[in-house]
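Participant: any chance you could fold what I've pasted below:
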Amino acid sequence: MKKARIYIPSKTAMQSGRAKQKKWVLEFLTKDPKINPLMGWESSTDTMEEVILKFSTKEKAIEYAKANNISYKVIEPKTKEFVIKSYADNFLKN
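Facilitator: Numbers count the residues shown, from 1 in each chain. Here you go, the predicted model:
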């Protein structure tokens, strides 16, 4: 049985916005990662490692996994509280 994880990818340090954090991703787990003795890279014979599916909701991703007999694990995103501050707040003492 194929194994996968369902999650929302976190933003990179190079991004300022959160637009790409709206899509849920179903990513297959590698069955047999091996270290290439020549280059030292991690490699695998499992081509499902390269497949990344994107869904608009978590429910659609779970529905797809169930319909295709894929064992899955849902990783819930950590919520970040966004505090709106004004520039003047930098100079006021609390």
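Participant: could you report the separation of D89 from K11?
Facilitator: As judged by C-beta to C-beta, to the nearest Å, D89 and K11 stand 24 Å apart. C-betas here are computed from N, CA, C, even on glycine.
Participant: out of those two, which sits in the busier spot?
Facilitator: For D89 versus K11, the count of surrounding residues by other C-beta atoms under 10 Å is larger for K11: 13 against 10.
Participant: SS state for that one?
Facilitator: coil (DSSP: H, G, I helix; E, B strand; the rest coil).
Participant: hang on, it packs against K78?
Facilitator: No - contact criterion C-beta atoms under 8 Å: K11 and K78 do not qualify, at 11.9 Å.
Participant: shaky segments in this protein?
Facilitator: Scanning the chain for pLDDT under 70 picks out the ranges 15-16, 18-20, 94.
Participant: all strands for it, in order.
Facilitator: Taking DSSP state E, the strands of the chain run over residues 2-7, 24-28, 34-35, 42-43, 52-55, 70-74.
Participant: list the buried residues for the last one?
Facilitator: Within strand 70-74, the residues that count as buried by 16 or more other C-beta atoms under 10 Å are 70, 72.
Participant: residues making contact with it?
Facilitator: Residues from elsewhere that reach strand 70-74 (C-beta atoms under 8 Å, 6 or more residues apart in numbering): 1-7, 26, 28, 58, 61-62, 64-65.
Participant: pull the distance from that strand to the chain's centre.
Facilitator: With C-alpha atoms, centre = their mean, to the nearest Å as the basis, strand 70-74 stands 13 Å off its chain's centre.
Participant: for stretch 75-86, same thing?
Facilitator: 17 Å.
Participant: ok, and what's touching it?
Facilitator: 5-8, 10, 21.
Participant: repeat for stretch 43-63
Facilitator: 2, 6, 22-36, 64, 72, 74.
Participant: again, only using 7 Å
Facilitator: For stretch 43-63, the external contacting residues (C-beta atoms under 7 Å, 6 or more residues apart in numbering) are 2, 6, 23-28, 30-34, 36, 64, 72, 74.
Participant: which of those are buried?
Facilitator: Buried by 16+ other C-beta under 10 Å: 6, 24-28, 30, 64, 72, out of the contacts of stretch 43-63.
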